[in-house]
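S.K.: here is a sequence with its predicted model. Questions after.
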Amino acid sequence: MRCSYWAVFGGFNILADRWIYPLLDILSILAITGMAWWMAKAWLRGKRELALRFALLWAWVGVVFASLVRFTRVMAVSQGRLMFVAISAISVLGARGLASWATPRIRRWALLGVCVAFLIWAAVAPFRYIRPAYAKPPLLDESQVPTGIHRLDWVYSGVIRLIGVEIYPKTLKPGDKLHVRAYWQLLKSVEEDYSIFVHVWGRGGINPEGRYIASLDTYPGLGSWPTSLIPPGKVVADEYVIRIPPDAEAPATLTVEMGVYEYLGPSQYRNLAGVDAHGDPVTAGRAGYVALIPHRWPSVPPQATKVDYRFGDAIRLAAFEWADGLLRLYWQAEKRPDRDYTVFVHVLDETGKQVAVFDSMPMGGDFPTSFWPVGALVVDEHRLDLTGLEPGRYSVEIGLYSLDTMERLPATGPQGSIPDRAVKIAEFVIK
């Protein structure tokens with residue numbers, strides 16, 4: 001809130017130099033404490049009418065601030081510039097407070113110096129902050145597109161092509177910023193100004209009936225290169241910065257979805273059909289994936305059964321819980337796995353015969369093993385449908401395998417290698 005009172009430009013997205021805000025904080029503290037000290041002295045020296053006049057200004061500032069607090073609670077947003085209603089009172093109080101720190105001899109010159117500094121800053125701000133932020137990115141030839149990007153070659157309605165993207169960082173936490181750099185090429189002249197969307201989906205991936213966790217809609221060049229102005233064949237390199245909500249569920253795989261549409265009016269739009277390099281429809285524009293990890297990994301709860309089984313050289317089963325068909329596995333990454341592995345859960349009868357099979361990627365695919373950083377503790381739940389099993393005694397075995405090769409990861413426990421690379425972890429009886 002304090003930043004937007006002093007200086008936040010553009011669409012509430014352009015900040016001044018970071019060092020300026022702490023300096024303004026110090027200035028504000030000096031003004032407030034100086035004003036309080038001056039009013040106390042004025043009151044004690046019998047200048048109570050003058051002190052009350054300034055108290056009236058304080059009251060007005062307080063009323064506006066209380067209104068802003070209420071607005072923030074109702075709307076869940078906070079903007080310091082809404083205090084501008086009281087900016088005249090704030091300026092008078094601030095000037096009086098700062099003046100109280102200076103001797104009478106230099107007081108006028110000190111305030112003049114502060115005013116001149118603010119005037120210079122206001123004159124420089126449009127050129128230092130706003131113009132660079134809204135400068136048109138240069139148009140590129142296709143030969144200038146970096147070779148190391150994730151190539152897509154999606155063509156939308158024969159008009160515009162998404163050559164490829166760079167998405168970084170590959171691992172981030174709730175509240176962090178995700179960067180998507182996209183290379184768009186106009187294929188022919190158009191009169192329409194098409195829009196671009198970038199949707200970030202959390203757990204569950206792209207779901208037409210769900211809701212993405214973050215998004216951005218813009219023209220190419222972040223608005224500076226409408227498609228009607230781009231010469232055919234030229235490429236616009238866009239940089240999209242999207243903040244992940246602080247309350248986003250983690251761990252998870254974040255899916256970056258991209259596409260093109262024509263804005264027709266409020267809540268009205270027409271998506272442009274896309275095809276890939278093979279001519280196949282791009283039904284869901286999955287441009288890439290990144291890992292979202294929590295700020296702190298969970299611990300194994302006390303009620304879980306502690307175990308020590310290793311699968312390959314990267315994954316360890318640290319604990320499990322079993323109750324009424326719900327199997328909860330606690331996986332720990334000792335190294336970063338080099339590929340995505342699938343968990344198999346087998347139910348065996350008393351003779352060792354498989355009577356039920358439940359295979360899935362960890363967390364139902366929401367956080368594949370290739371995204372697990374060193375030290376991660378992943379809580380992986382599997383709901384087993386045991387209906388239809390005959391009465392008897394059963395056991396549950398688990399393990400990991402590669403879906404590409406169907407080869408199981410070697411399993412070792414405290415006693416050494418485990419036959420069949422499958423670990424028996426629980427038993428239950430159906431009566």
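M.R.: Good, I have the coordinates.
S.K.: ranges for the helices of the stretch 251-400 of the chain?
M.R.: Assigned helices in the stretch 251-400 of the chain: none (criterion: DSSP state H, counting those that start in this stretch).
S.K.: all strands of it, in order?
M.R.: 252-265, 268-271, 274-275, 286-292, 305-311, 315-323, 326-333, 341-348, 354-360, 377-383, 392-402 (DSSP state E, counting those that start in this stretch).
S.K.: which one of the ones you listed lies closest to Arg81?
M.R.: Nearest to Arg81 among the strands of the stretch 251-400 of the chain is strand 252-265 (28.0 Å), distances taken as CB to CB. (Glycine included, C-beta is placed from N, CA and C.)
S.K.: strand partners of the closest one, parallel vs antiparallel please.
M.R.: With DSSP bridges as the test, strand 252-265 is paired with strand 195-201 (antiparallel), strand 268-271 (antiparallel), strand 286-292 (antiparallel).
S.K.: can I assume Arg181 sits in a strand?
M.R.: Yes - counting by DSSP: H, G, I helix; E, B strand; the rest coil, one finds Arg181 located in a strand.
S.K.: Gly259 touches Leu272, doesn't it?
M.R.: Yes - the criterion here is CB atoms under 8 Å, and Gly259 meets it with Leu272 at 7.3 Å.
S.K.: which neighbours do the two share?
M.R.: Tyr156 (CB atoms under 8 Å, 6 or more residues apart in numbering).
S.K.: what helices or strands is the one helix or strand Leu152 maps to leaning on?
M.R.: Counting by DSSP states H and E, the element that carries Leu152 is strand 150-156. The contact analysis (3 or more CB pairs under 8 Å, 6 or more residues apart in numbering; DSSP states H and E) places strand 150-156 against strand 160-168, strand 274-275, strand 286-292.
S.K.: can you redo the ones you listed as a markdown table with mean neighbour count?
M.R.: Below are the helices and strands packed on strand 150-156 laid out as a markdown table (neighbours: other CB atoms under 10 Å):
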| stretch | mean neighbour count |
| --- | --- |
| strand 160-168 | 19 |
| strand 274-275 | 18 |
| strand 286-292 | 20 |
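S.K.: closest one to Gln303 among the ones you listed?
M.R.: strand 286-292 (27.2 Å).
S.K.: and the contacts of the closest one?
M.R.: So strand 286-292 is in contact with 150, 152, 162, 165, 167-174, 178, 180, 182, 202, 206, 244, 248-258, 367, 371, 373, going by CB under 8 Å, 6+ apart.
S.K.: right, and Trp6 touches Gly80 too?
M.R.: Yes - counting by CB under 8 Å, Trp6 touches Gly80, with 7.4 Å between them.
S.K.: these two: who's more crowded?
M.R.: Trp6 (19 against 15; other CB atoms under 10 Å).
S.K.: if we can go back for a sec, out of the strands of the stretch 251-400 of the chain, nearest to Asp17?
M.R.: Here strand 286-292 is closest among these (CB to CB), at 29.4 Å.
S.K.: would TSV of the strands of the stretch 251-400 of the chain with distance to Tyr219 and mean pLDDT be doable?
M.R.: Shown next, in TSV, are those (distance: least, CB to CB, whole Å; pLDDT from 0 to 100):
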stretch	distance to Tyr219	mean pLDDT
strand 252-265	10	94
strand 268-271	14	89
strand 274-275	18	96
strand 286-292	18	96
strand 305-311	49	96
strand 315-323	45	96
strand 326-333	42	97
strand 341-348	42	96
strand 354-360	41	92
strand 377-383	40	96
strand 392-402	44	96
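S.K.: which one, of the ones you listed, ends up nearest to Ile26?
M.R.: strand 286-292 (36.8 Å).
S.K.: longest single helix anywhere in this structure?
M.R.: In the chain, with assignment by DSSP state H, the single longest helix is helix 48-75.
S.K.: just how off-centre is it within its chain?
M.R.: Between the centre of helix 48-75 and the centre of its chain there are 36 Å (CA atoms, centre = their mean, to the nearest Å).
S.K.: next one: stretch 376-396
M.R.: With CA atoms, centre = their mean, you get 34 Å for stretch 376-396.
S.K.: list the buried ones in that stretch?
M.R.: Across stretch 376-396, burial judged by 16 or more other CB atoms under 10 Å covers Ala376, Leu377, Val378, Val379, Asp380, His382, Leu384, Tyr394, Val396.
S.K.: quick one: end-to-end distance for it.
M.R.: 25 Å (CA to CA, to the nearest Å).
S.K.: wait, Glu309 touches Pro410, no?
M.R.: Quick fix: residue 309 is Tyr, not Glu. No - if you go by CB under 8 Å, Tyr309 and Pro410 don't touch, sitting 10.8 Å apart.
S.K.: the more surrounded of the two?
M.R.: Tyr309 (18 against 14).
S.K.: residue contacts, the more buried one?
M.R.: Tyr309 touches Arg316, Leu317, Ala411, Thr412, Gly413, Ile418, Val423, counting by CB under 8 Å, 6+ apart.
S.K.: kindly report the same for Leu409.
M.R.: Taking CB under 8 Å, 6+ apart, one finds Phe311, Gly312, Ile315, Tyr341, Gly399, Leu400, Tyr401, Ser402, Arg421 in contact with Leu409.
S.K.: name only those of these that count as buried.
M.R.: Judged by 16+ other CB under 10 Å, buried ones among the contacts of Leu409: Phe311, Gly312, Ile315, Tyr341, Gly399, Leu400, Tyr401, Arg421.
S.K.: any idea which of these is closest to Leu111?
M.R.: For the buried ones among the contacts of Leu409, the nearest to Leu111 is Ile315 (66.4 Å; CB to CB).
S.K.: wouldn't that closest one be in contact with Trp331 here?
M.R.: Yes - look at Ile315 against Trp331 with CB under 8 Å: they come within range, at 6.0 Å.
S.K.: overlap in contacts of those two?
M.R.: Trp372.
S.K.: residue closest to the middle of this structure?
M.R.: Ile244 (1.4 Å; CA atoms, centre = their mean).
S.K.: give me the phi and psi angles of that one.
M.R.: In terms of degrees, to the nearest 10, the main-chain angles of Ile244 are phi -80, psi 130.
S.K.: per-residue pLDDT, it?
M.R.: You'll see Ile244 listed with a pLDDT of 96.
S.K.: list the contacts for it?
M.R.: Leu172, Lys173, Pro174, Gly175, Asp176, Lys177, Leu178, Val200, Ile213, Ala214, Leu254, Leu292.
S.K.: restricted to strands, list those residues.
M.R.: Among the contacts of Ile244, the residues falling in strands (DSSP state E) are Leu172, Lys177, Leu178, Val200, Ala214, Leu254, Leu292.
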